[in-house]
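Student: I'd like to go over a predicted model; first the sequence, then the structure.
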Amino acid sequence: MSPIDTLINTTIRSDVRSIQSYHVADAGGFIKLDAMENPYELPHALRQQLGARLAEASLNRYPVASYATLKQRVRATLGVPAGYDVMLGNGSDELISILCMACARQDRRAVVVAPTPSFVMYQRSAQFAGMDYVGVPLRADLTLDLPAMLAAIAEHRPALVFLSYPNNPTGNLFGADDIVTIIRALDGFGLAIVDEAYEPFASDTFMGRLPEFANLVVMRTVSKLGLAGIRLGYMSAAPQLLAELDKVRPPYNINVLTQIAAEFALEHVEVLNQQASALRAARADLAAAMAALPGVEVFPSAANFILIRVPNSDDAYAKLLSRKVLIKNVSKMHGVLTNCLRITVSTPEENRAFLDAFAASLSA
Ligand SMILES: *Cc1c(COP(=O)(O)O)cnc(C)c1O
C-alpha cells in the first residue's frame, strides 16, 4: 500500500471511504431538466440593479452576524408566523446537517427516520453525524405508509423524522393528517422536520401551523424558487428550540453576496412568484402531454418536477441523453421506483423540446 493510501486508511472513516461522492452530472450543452432549477432568470433591469447593490458589498468584512435584515425579510415575505424567527443555512442542506449534528447524542443510539425513497441528504447527514438511519418504504402507489412510520417511531424513538412535503423524488404531497399524526407520535422525544423545498409549487404548507406543535420544524429553501445559485435555506421552529439549534450553526454561514442578493430578490418576490405560477401551469401541460404517450404512467406532482414510469427507463434515459436532454433516472433508487424517471418542469419551449425527444425515444 502506498503511503497516501495508508494515511487515508488510518485517518478517514471507513464508512466515508466506502461510499461514492454525491454525483452531479455535467450538463454542458444539454437541456437541463435534472435538478429542479427554475429556468427563468431575473429580468435584465433587476439584474443591473442587483449588480449595483453587490458592488457596494464590504467583501473585506465579515457578515453582520445577526443577519437581522435578511431574516426580517424572510419572515415578512415567506409566511413565517408572528413570534417565530428563522435560522438561515448555506442551502437547506446545511440545515439538515446542523439538525443531525445537534441531535447526534453519543450516550445512546440516536436515530433518524424518514420515508424512503426521499431526499438523499437525510440519510447522508445522519450517517456523517454518527446517527442511525431508518428508512420506511413508501407504498407501491408512493403514498406514506403511516402504520409502518408509527411502528418505526415506536421502535426506534427517533430524535428526527424528516418528511419532504412534497416528497422528492416522487413529487406527491403526503396526507396532512398523516403528518400531524407523526408529529404527535414524536411528542416529548423527537422533532418532525417538514421539508418544504417545493412549497412555491405546492398547495399546502405547515408554516402557519408551527404554533400548534412544539416539536415541529418547518424547513424551506429559495433554491427551487429561482435562487439555487446563492445557496440559502431557512427553517423555523419554537424560539427556544431554534436557539439551541443555532449554537451548532457556523457563525458566518451566509456570505455577504448571498445576503445582499437574497434581500434584493425578496424585495422583488412577486417576480419569483410569477415564475413559479408559470411553472405550475407548465407542469399541468407537461403532465397531460406525457400521459397521452403510450406506455407512460404520470404520477401526480405538487412540485416543479414530474415522476413518470416508462416501459424501459434506462433505454429512454440514454436516448434522451443522446438527444442532449438531461433528466434524472431514479429507477435504481428504490424498488418502488422501478422504471421511473424524474423530469424538471421548465419553460414551454424546453418542455416541448423534451417532449419531442421523449416521444421519439419511446418509439425508436
Ligand atoms: C433540493 C432539496 C433540498 C436542498 O435545497 P438547498 O437549499 O438547495 O440545499 C432540500 N430538500 C429537498 C426535499 C430538496 O429536494
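Tutor: Yep, that arrived.
Student: Could I get the full set of helices for this structure?
Tutor: Secondary structure of the chain (DSSP state H): helices at 3-11, 14-17, 44-55, 68-77, 92-103, 120-128, 146-156, 176-185, 239-246, 256-267, 269-291, 313-322, 348-363.
Student: Show me what the last one is packed against.
Tutor: Applying 3 or more CB pairs under 8 Å, 6 or more residues apart in numbering; DSSP states H and E, one finds that helix 348-363 contacts strand 31-32, helix 269-291, helix 313-322, strand 325-326. Where you see a C-beta, it was placed from the backbone N, CA and C, and this is true even at glycine.
Student: Could you please name the strands the last one pairs with and the direction of each pair?
Tutor: The reference is to strand 325-326. Each strand paired with strand 325-326, and its direction, by DSSP bridges: strand 31-32 (parallel).
Student: Below-threshold pLDDT in the stretch 251-364 of the chain: ranges please.
Tutor: Within the stretch 251-364 of the chain, the stretches with pLDDT under 70 are 364.
Student: so does stretch 80-89 get close to the ligand?
Tutor: No. Stretch 80-89 stays clear of the ligand (CB under 6 Å from any ligand atom), getting no nearer than 7.3 Å.
Student: buried set for that stretch?
Tutor: 80, 84-89 (16 or more other CB atoms under 10 Å).
Student: Also stretch 164-178?
Tutor: 164-174, 178.
Student: Can you pull the residues of this structure lying near the ligand?
Tutor: Counting by CB under 6 Å from any ligand atom, the chain sits next to the ligand at 36, 91-93, 119, 164, 168, 195, 197, 221, 223, 228, 233.
Student: Can I get those in a markdown table including pLDDT?
Tutor: Output for the residues of the chain next to the ligand, formatted as a markdown table (pLDDT from 0 to 100):
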| residue | pLDDT |
| --- | --- |
| 36 | 97 |
| 91 | 97 |
| 92 | 97 |
| 93 | 97 |
| 119 | 98 |
| 164 | 98 |
| 168 | 98 |
| 195 | 98 |
| 197 | 98 |
| 221 | 97 |
| 223 | 97 |
| 228 | 97 |
| 233 | 98 |
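Student: Could you list which of those belong to strands?
Tutor: Applying DSSP state E to the residues of the chain next to the ligand, the entries found in strands are 164, 195, 221, 233.
Student: most surrounded residue in the residues you listed?
Tutor: residue 195 (28 neighbours; other CB atoms under 10 Å).
Student: Tell me who's in contact with that one.
Tutor: By CB atoms under 8 Å, 6 or more residues apart in numbering, the contact set of residue 195 is 92, 96, 119, 162-165, 219-220.
Student: For the residue in the stretch 51-200 of the chain positioned nearest to the ligand, which non-adjacent residue is spatially closest?
Tutor: Closest approach between the stretch 51-200 of the chain and the ligand, counting by CB to the nearest ligand atom: residue 91, at 2.8 Å. Leaving aside its chain neighbours, residue 91 sits nearest to residue 231 (4.4 Å; criterion: CB to CB, 6 or more residues apart in numbering).
Student: distance of the one you found from residue 26?
Tutor: Counting by CB to CB, to the nearest Å, the separation of residue 231 from residue 26 is 19 Å.
Student: swap in residue 254?
Tutor: 28 Å.
Student: So for these two, which sits in the more crowded spot?
Tutor: Using other CB under 10 Å as the criterion, residue 254 and residue 26 rank with residue 254 on top: 24 against 7.
Student: Identify the residues contacting the closest residue to the more buried one other than its chain neighbours.
Tutor: Of all residues not flanking residue 254 in the chain, residue 88 sits nearest, at 5.1 Å (CB to CB, 6+ apart). Neighbouring residues of residue 88 by CB under 8 Å, 6+ apart: 67, 70-71, 74, 232-234, 253-254.
Student: Same question for residue 344.
Tutor: Contacts of residue 344 by CB under 8 Å, 6+ apart are 32-37, 304-305, 327-328.
Student: Bridge partners for it, pull those for me.
Tutor: In beta-bridge terms (that is, DSSP bridges), residue 344 pairs with residue 305.
Student: for residue 297, same thing?
Tutor: residue 309.
Student: ok, now how distant is it from the ligand?
Tutor: 22 Å (CB to the nearest ligand atom, to the nearest Å).
Student: Spatially nearest residue to residue 95 (excluding sequence neighbours)?
Tutor: Excluding the flanking residues, the one nearest residue 95 by CB to CB, 6+ apart is residue 89, at 3.7 Å.
Student: list the contacts for that neighbour?
Tutor: So residue 89 contacts 95, 98, 232-235, 249, 253-254 (CB under 8 Å, 6+ apart).
Student: Please identify which of the ones in strands among the residues of the chain next to the ligand is nearest to residue 283.
Tutor: For these, the minimum distance to residue 283 (CB to CB) is 17.5 Å, reached by residue 164.
Student: I am assuming that closest one contacts residue 118, so please confirm or correct that.
Tutor: Yes. Here residue 164 lies in contact with residue 118, judged by CB atoms under 8 Å, at a distance of 5.0 Å.
Student: Distance check, residue 255 against residue 28.
Tutor: 26 Å.
Student: And those two? Which one has more around it.
Tutor: Taking neighbours as other CB under 10 Å, residue 255 and residue 28 compare with residue 255 leading, 17 against 7.
Student: is it true that the more buried one touches residue 61?
Tutor: No. The pair residue 255 / residue 61 is not scored as a contact, 11.2 Å apart, by CB under 8 Å.
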